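>>> Turn this into a structure:
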Amino acid sequence: MTQTNVKNYVLLLSVFLFVFGCGKDNDKKTETSNKSAETSVKEVVKTETTNKSAEQVSKDTAKTNMKIPKKQKKEIPEIKVTFVELGSVGCIPCKMMQPVMKEIEEKYKGQVKVVFYDVWTSEGSPYAEKYRIRVIPTQVFLDENGKEFFRHEGFFPKEELVKILELQGVKK
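Residues are numbered from 1 along each chain as shown. Now for the predicted structure:
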């Protein structure tokens, strides 16, 4: 094989894995998930009632920030965006997102909250339903009030992700 053929083969294989590797194509998992959902409705309801919604957390944070003197308030950064990554540890494009998520979390600490849910686990599957994802990875961006303002499916390059954050007022 020539070097060009090898490159074309690798490119074709990468595109194939990316497109077909991490979709919700496993009917068995869906059936199992549906049965589990029926039998564990009480657990989900209990979890939902004990966990505060993102909107409630934002309201609580806003109330807390109102009590801080003006001198100190400038020192405490506000979370402007919550970056929710819905994927799985067994998904190739999801694994490719891990370093991007880590870098965003470190670079924009205090302005961006990064959250990862493994939707192929019992703990993460309710979030797949909550955010109505179709493929993984899916990135959902919530504003400071917990309201979704942007969504992306598939691998999301850091440069494009940063543009979305900056449009929401996040500074470098």
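>>> Can you show me the helices along the chain?
For the chain, the helices defined by DSSP state H cover 3-20, 27-39, 41-50, 54-66, 70-73, 92-107, 125-130, 158-167.
>>> Point out where this protein drops to low pLDDT.
By pLDDT under 70, the weakly predicted segments of the chain are 1, 3-77.
>>> If we use 90, what do you get?
By pLDDT under 90, the low-scoring segments of the chain are 1-78, 172.
>>> K172: neighbour count?
By other C-beta atoms under 10 Å, the residues close to K172 number 8. To be clear about C-beta, it is placed using only N, CA and C from the backbone, and glycine gets the same treatment.
>>> wait, it sits on I104?
No - the pair K172 and I104 fails to qualify as a contact (C-beta atoms under 8 Å) at a distance of 11.5 Å.
>>> In this structure V84 contacts V119, no?
No - under the criterion of C-beta under 8 Å, V84 is not in contact with V119, lying 10.9 Å apart.
>>> higher neighbour count, the two?
Ranked by neighbour count (other C-beta under 10 Å), V84 and V119 place V119 first, with 24 against 21.
>>> Tell me which residues touch T121, please.
Going by C-beta atoms under 8 Å, 6 or more residues apart in numbering, T121 touches S88.
>>> For F156, see how far away it is.
22 Å (C-beta to C-beta, to the nearest Å).
>>> Same check on F141?
The value you get for F141 to F156, if C-beta to C-beta is used, is 10 Å.
>>> and what of V114?
Counting by C-beta to C-beta, the separation of V114 from F156 is 12 Å.
>>> For V162, the count of nearby residues, please.
V162, neighbours per other C-beta under 10 Å, totals 17.
>>> Okay, the nearest residue to D118 once chain neighbours are set aside and E85: tell me how far apart.
Sequence neighbours aside, G124 is the residue nearest to D118 in space, at 4.3 Å (criterion: C-beta to C-beta, 6 or more residues apart in numbering). G124 sits 11 Å away from E85, going by C-beta to C-beta.
>>> which one of these two has more residues nearby?
When G124 is set against E85 and neighbours are counted by other C-beta under 10 Å, the residue ahead is E85, at 21 against 16.
>>> Quick check, the more buried one in contact with V112.
No - judged on C-beta under 8 Å, E85 makes no contact with V112 at a distance of 11.8 Å.
>>> any idea how far E85 is from V140?
8 Å.
>>> Kindly provide the distance from I164 to T138.
Computed as C-beta to C-beta, the I164 to T138 distance reads 14 Å.
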